[in-house]
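> Predicted coordinates and the sequence they were generated for:
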Amino acid sequence: MMWNFNYLLFVFLPGLLIGLWAQMKLHSAFGKYSQVPVESGLTGAQAARRILDNAGLNDVPVEEVEGQLTDHYDPTKRALFLSSDNFHGNSIAAVGVAAHEAGHALQHQAAYAMLNLRMALVPVTQFSSAAYGIIMLAGWIMGMSLMKTMLPIIIVVFGIITFFQLITLPVEYDASNRAKNQLFRLGLVREDERAGVAKVLDAAALTYVAALVSSLLTLLYYITAARDSRN
């Protein structure tokens with residue numbers, strides 16, 4: 001009932017293809033513009049520091065973290081973390097990504113409503129993700145009859161996960177817009193570097209769009225399965 005041909009054709013395959021397409025766009029844009037240095041010569045860490053200091057966020061540290069594209073802003077620590085390539089790199093991609101993460105810090109400072117909502121949803125989303133994983137494992141072990149019984153709970157927990165991803169979209173796009181505005185306003189990138197920054201940040205945002213679409217397809221499948229199970 002759960003993992004049938006319709007799931008593979010209308011949920012898994014489209015989600016996989018959209019996710020691969022988004023990742024290809026991201027790696028293509030990042031690969032290209034990580035080879036193009038900014039005229040200012042600033043590294044990602046320096047650009048983020050300029051943006052933060054200009055906003056009066058002198059107490060928000062910019063730290064290096066291992067991994068590739070592991071860049072993030074942690075609102076609980078009020079700290080910005082950049083992957084090594086973006087921390088030390090002075091490319092359009094490195095500066096753009098660093099500015100994007102600084103944009104999240106600006107959101108936090110401004111008490112941006114959608115960021116606050118996403119922060120509030122983190123605990124319940126983490127619980128829902130864990131519960132969903134347990135239910136899926138139990139279904140494989142105990143059989144699909146359990147999955148049919150648990151469908152209402154699956155819909156609730158996966159609905160929470162999907163809602164979290166929906167809230168994430170405006171947060172990410174707003175952070176990118178703040179990043180672009182600050183980079184250009186502070187003169188950290190030139191006019192002819194605008195397009196490169198935009199392509200990198202837009203490609204990164206597509207990964208969140210792909211995740212949301214995949215979640216929506218899965219949620220719709222569960223809702224349809226629950227409806228069919230009552231017929």
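All right, it came through fine.

> just so I have it, where are all the strands in this protein?
Along the chain, counting by DSSP state E, strands occupy 62-65, 72-74, 79-83.

> The shortest one - contacts with which helices or strands?
The reference is to strand 72-74. Contact analysis of strand 72-74 by 3 or more Cβ pairs under 8 Å, 6 or more residues apart in numbering; DSSP states H and E lists strand 79-83, helix 92-109 as its packing neighbours. For glycine as for every other residue, the C-beta is placed from the backbone atoms N, C-alpha and C.

> could you redo the last one with a cut-off of 6 Å?
Counting contacts by 3 or more Cβ pairs under 6 Å, 6 or more residues apart in numbering; DSSP states H and E, strand 72-74 is packed against helix 92-109.

> Other residues contacting the helix it packs on?
If you take Cβ atoms under 6 Å, 6 or more residues apart in numbering as the criterion, helix 92-109 is touched by 30, 33-34, 36, 38, 44, 47-48, 51-52, 55, 57, 60, 71, 73, 75, 80, 82, 86, 115, 175-176, 178-179, 183, 193, 196-197, 200-201.

> Now the buried members of these.
30, 33-34, 38, 44, 47-48, 51-52, 55, 57, 60, 71, 73, 75, 80, 82, 86, 115, 175-176, 178-179, 183, 193, 196-197, 200-201 (16 or more other Cβ atoms under 10 Å).

> Helices - which of those residues land there?
30, 33, 44, 47-48, 51-52, 86, 115, 175-176, 178-179, 183, 196-197, 200-201 (DSSP state H).

> what's the distance between Asn6 and Ser40?
Between Asn6 and Ser40 the distance is 53 Å, computed by Cβ to Cβ, to the nearest Å.

> so what pLDDT did the spatially most central residue of the chain get?
Of all residues in the chain, the one closest to the mean position by Cα atoms, centre = their mean is Tyr208, 4.8 Å from it. pLDDT, the model's per-residue confidence, is 96 for Tyr208.

> Please consider this matter closed, and thank you.
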